[in-house]
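Colleague: have a look at this fold, sequence not included:
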């Protein structure tokens, strides 16, 4: 990569973005990395700046910040927004600004099998993929599977309740650690020779949610049964526990999708990109404890 080339990472203060920055810094000088943030005064943004990385305001909802932030950028990582329902518009703002700034390549963190996935969450991801095609800027799709951390997030309330609720049946989940996905993004950004490719990124080994819960019980030393429910019953149980309606809908829909194979993939794309096997789910559970 030419010394003058610049790599931009949007959403850099988020969990994934921060890990991508750190992965890039292992092989590239801080001078070629630019971090996009909403609020440069946040502690996380200051921490990135202290690593020598240029920090610029890049708010998906404010196109005027994107136009200036992307000046001089060669390759850009568009990390999908966390605001479900607003993603397509926000992502289009980023794509339009990147095109206007002359960015040579965009990498987008999409969803596993976004074009065929039954998940509710897939719609905005696929709409973004179509927007990238329409824009005409060279792009690469990083179709991320589930982060194992999404399930470890559910461990504590399950232990408190004495039961792990779900609606995924015996559907298999090919998750990997968030750091694995971050390293894959860093590899693609640093290399720059991946335009036109679509990577279905998932863990090497798959498991069912009952397998996951049994492993939690073994590692924690506490009994934890798994109770499988119909998706609507699971949604109602989440609402009764105080889960906000949008999140309850996403969790129940995702579990229902798991039973249909939405989070299973055995392509091995992720392991090939990062040059090693993906992090086993039991390792992530152990780290949680």
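Modeller: Looks like it came in fine. All of these numbers come straight from a predicted model, not from anything done at the bench. Numbers count the residues shown, from 1 in each chain.
Colleague: what sits against the spatially closest residue to residue 119 that is not a sequence neighbour?
Modeller: Sequence neighbours aside, residue 257 is the residue nearest to residue 119 in space, at 4.4 Å (criterion: Cβ to Cβ, 6 or more residues apart in numbering). Yep, even glycine has a C-beta here, placed from its N, CA and C like the rest. Contacts for residue 257 were tallied using Cβ atoms under 8 Å, 6 or more residues apart in numbering; they are 117-119, 171, 263.
Colleague: relative to residue 126, how far out is the residue nearest to residue 174 when sequence neighbours are not counted?
Modeller: Closest residue to residue 174 apart from its sequence neighbours, by Cβ to Cβ, 6+ apart: residue 202 at 3.8 Å. Separation of residue 202 from residue 126 (Cβ to Cβ, to the nearest Å): 17 Å.
Colleague: who's more crowded, these two?
Modeller: residue 202 (29 against 17; other Cβ atoms under 10 Å).
Colleague: can you tell me how far the more buried one is from residue 176?
Modeller: Noted for residue 202: a distance of 7 Å to residue 176, by Cβ to Cβ.
Colleague: where does the chain dip in pLDDT?
Modeller: Applying pLDDT under 70 to the chain flags residues 1-4.
Colleague: could I get the full set of strands for it?
Modeller: Ranges of strands within the chain are 7-9, 33-37, 54-57, 75-78, 105-111, 139-144, 164-166, 172-173, 198-201, 207-208, 226-228, based on DSSP state E.
Colleague: any idea how far residue 160 is from residue 241?
Modeller: Separation of residue 160 from residue 241 (Cβ to Cβ): 10 Å.
Colleague: okay, buried residues for stretch 250-261 please.
Modeller: 250-259 (16 or more other Cβ atoms under 10 Å).
Colleague: from the chain's centre, how far out does it sit?
Modeller: Distance of stretch 250-261 from the chain centroid (Cα atoms, centre = their mean, to the nearest Å) equals 17 Å.
Colleague: let me see the contact set for residue 232.
Modeller: residue 252.
Colleague: could you number the chain from 494 rather than 1 from now on?
Modeller: Let's use 494 as the start, then, which means that last one is residue 725.
Colleague: so which of the contacts of residue 750 wins on neighbours?
Modeller: Highest count within the contacts of residue 750 by other Cβ under 10 Å belongs to residue 756, 27 neighbours.
Colleague: wait, isn't that residue in contact with residue 669?
Modeller: No - at 11.0 Å, residue 756 and residue 669 do not qualify as touching, with contact defined as Cβ atoms under 8 Å.
Colleague: what is in contact with the two at once?
Modeller: By the contact definition Cβ under 8 Å, 6+ apart, residue 756 and residue 669 are jointly contacted by 638, 695.
Colleague: and residue 767, how many neighbours?
Modeller: 22.
Colleague: excluding covalently adjacent residues, which one is nearest to it?
Modeller: With Cβ to Cβ, 6+ apart as the criterion, residue 767 has its nearest non-adjacent residue at 4.6 Å, and that residue is residue 676.
Colleague: try residue 639
Modeller: Per Cβ to Cβ, 6+ apart, closest to residue 639 is residue 668, 4.3 Å.
Colleague: kindly report the same for residue 630.
Modeller: Spatially, and ignoring its direct neighbours in sequence, residue 630 is nearest to residue 592 (5.1 Å; Cβ to Cβ, 6+ apart).
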